[in-house]
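K.L.:
All I have is the shape, not the residue letters:
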DNA sequence: CTTGTTCTTCAAAGCGCTTTGAATAATTCT
DNA sequence: AGAATTATTCAAAGCGCTTTGAAGAACAAG
């Protein structure tokens, strides 16, 4: 059933039917009702491709999804997506996900823009320098970043968590507790969120006259296995660290397992603070020793980004173009005074 | 840059340019090269909405994503998606994800079909009865299920894991080890994969003259917290179970924590077998006591589904319409003889 | 009973692409 | 050389929708 068939059936022109359906005023209430009813009965749904072609709008948000054989599902990604979806469903938006190998992302974005399939682009996993950001900056499609590039010039719309501040504050707490030997279990080095977390930690250490030895810095994907292995390596050091900052609760999960396995007591022998993205399947308060965390909900970020993108597209946005969310430091049992 | 502009620029007709770009034979090699080069230089990318409108094809797979405030990211979902994406990227396919509240999924699928945005539909989380399956059955769009409805009539294309067989085999092993008191930690009751796992377990028990008391059956989302709580409840029973079947390693993670907390020894005091979807972030072999599992890779399933769907659309499919994958039973240290 | 307004409705153009059917140019065959 | 093929290229129609510009119907005003 298409518009022509529907209008033939009603003995009306496509114009009138289209207008009736889209709520334009120049159509009598009587016909509007008749049209609406017929559409209902026949189950008529407009063809989005045609709509998109005619209007240039499609109520859709595009995103590129990194794909490679060695990349598995990322719980952080799906948590974020669920937030985005929650907002999208309210406004009848959908997503177009273009999978791309990591070295082909720029092209994937280009295709996405040119495809005429999406009204806006969302971008995450910001690196620095980030050619994808340059591309979006110079194109005319609305877009929004989750994260920022490095430096202080932010002439692009973003939503980011104050990662530097989060880890700075976390480190401060551990310093106050008397810790001197720190380790960092971070996300992939190329991501700016990881860079900023490291900077935050180093800044706090520098203020205390301390430094972070490079072999006590670990970069990897944020999974429990990676955390387990990294912690084992940390603990194998002659002078093992007493304070560990961890970029995700997923990493922390593995780290804690390694700590237990080594017969050490979390919160006593070793203190740990993890960044908590509020993954719905991994809550820090449910760890055997509840985790002290810096918290910022990834799902909430997703929802907010959806909201901002959609409002921009509907032309009603009075939301800020740049947002920096502070993470909350929530103290639980995994932090304690440095062992004597 | 659109086709008209590109062809004007080249002094050719749109027809010729289009044909050159799409590899049709009726265009001279010289012009083809000229066109290809110009397309390259100008960065011309065809408008997919227009392409879709003209051809009825769009190289895109549609899927509905459940969305509700209380639903968070599901690592199983993203693991699956990464498999699907891996296959899609090879063939330049993309996804259209329509978020929908759980009670509006049928409508979301209808919209997706009518939208003209997708060439095929993928469906997961099969329930029974499943109105979505009925809808797809009666529509003419290609589709593929991950999972099956109940009963033996499967006149629709699917890929499923033999969940019944997996849990049957797992239970058999535990029975051989002398276990008599079983518990089941399952996914949501409404999903057919959960139903079948329960049936598999009950069948094995029945053959041994045993039954599964209803208070030793737990249904919930498959997260570690849920596993933790469920196991605590199991252990609080006067006669606690000695053998537990667990629908996911995520559940097992929590379950193991509860077991440790209770001072019990996994593999000795209590045996546990989990179904392993091969989540890239949670490997059973990395548990402090490596987990005995029934294994079937969710990512591989995603890739296979992508492959089948794409081959169907490209009209070259000689792949089977129905597939039932057996899960492997991999014995590790979390299973042992029943305590005396 | 005109004329001027407002309300409804419509025909047709256009969005960017593919594809059919026809025309033109280049080759090959008598 | 002229006819018959074959290789290239093109104009135009069509995919399903929105939107502009115009026309017809209904009504109030002069």
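P.N.:
In hand now; what should we look at? Nothing here was measured: the structure is a model prediction, and the numbers come from that model.
K.L.:
gap between the residue of the stretch 201-340 of chain A found nearest chain B and DNA strand D?
P.N.:
The stretch 201-340 of chain A approaches chain B most closely through residue A:280 (2.5 Å), counting by Cβ to the nearest Cβ. All C-beta spots, glycine's among them, are computed from the backbone N, C-alpha and C. When Cβ to the nearest atom of the strand, to the nearest Å is the yardstick, residue A:280 and DNA strand D sit 37 Å from each other.
K.L.:
That residue and DNA strand C, how far apart?
P.N.:
Taking Cβ to the nearest atom of the strand, one finds residue A:280 at 41 Å from DNA strand C.
K.L.:
That residue - that's part of a strand, no?
P.N.:
No. Counting by DSSP: H, G, I helix; E, B strand; the rest coil, one finds residue A:280 to be coil, located in no strand.
K.L.:
ok, the residue lying closest to it once chain neighbours are set aside - how many residues close by?
P.N.:
The shortest distance from residue A:280 to any non-neighbouring residue, by Cβ to Cβ, 6 or more residues apart in numbering or on different chains, is to residue B:72 (2.5 Å). Residue B:72 is flanked by 22 other residues according to other Cβ atoms under 10 Å in any protein chain shown.
K.L.:
if I read this right, residue B:72 contacts residue A:283, doesn't it?
P.N.:
No. Applying Cβ atoms under 8 Å, one finds residue B:72 not in contact with residue A:283, separated by 10.4 Å.
K.L.:
hang on, residue A:91 packs against residue A:61?
P.N.:
No. With contact defined as Cβ under 8 Å, residue A:91 does not reach residue A:61; the gap is 10.3 Å.
K.L.:
what's the overlap in contacts for the two?
P.N.:
Overlap of the contact sets of residue A:91 and residue A:61 (by Cβ atoms under 8 Å, 6 or more residues apart in numbering or on different chains) consists of residue A:310.
K.L.:
When those two are compared, which one has more neighbours?
P.N.:
The neighbour count for residue A:91 versus residue A:61, taken as other Cβ under 10 Å, is higher for residue A:61 (27 against 14).
K.L.:
ok, and that one, which helix or strand is that part of?
P.N.:
strand A:60-66 (DSSP states H and E).
K.L.:
Which strands or helices does that strand pack on?
P.N.:
helix A:75-90, strand A:94-100, helix A:105-114, strand A:120-123, helix A:298-313 (3 or more Cβ pairs under 8 Å, 6 or more residues apart in numbering or on different chains; DSSP states H and E).
K.L.:
who touches the fourth one?
P.N.:
In other words, strand A:120-123. Counting by Cβ under 8 Å, 6+ apart, A:61-64, A:84, A:109, A:112-113, A:132-133, A:136, A:141-146, A:305, A:309, A:312-313 sit against strand A:120-123.
K.L.:
go with 10 Å
P.N.:
Residues from elsewhere that reach strand A:120-123 (Cβ atoms under 10 Å, 6 or more residues apart in numbering or on different chains): A:60-64, A:80, A:84, A:93, A:95-96, A:98, A:105, A:109, A:112-113, A:130, A:132-133, A:135-136, A:139, A:141-147, A:156, A:158, A:302, A:305-306, A:308-310, A:312-313.
K.L.:
Which positions in stretch A:176-191 come out as buried?
P.N.:
Neighbour-count burial for stretch A:176-191 flags A:179, A:181-187, A:191 (criterion: 16 or more other Cβ atoms under 10 Å in any protein chain shown).
K.L.:
which of those residues lies closest to DNA strand D?
P.N.:
residue A:191 (40.4 Å; Cβ to the nearest atom of the strand).
K.L.:
Tell me how far the closest one lies from residue B:320.
P.N.:
Note on residue A:191: its distance to residue B:320, by Cβ to Cβ, to the nearest Å, is 41 Å.
K.L.:
Nothing else from me, thank you.
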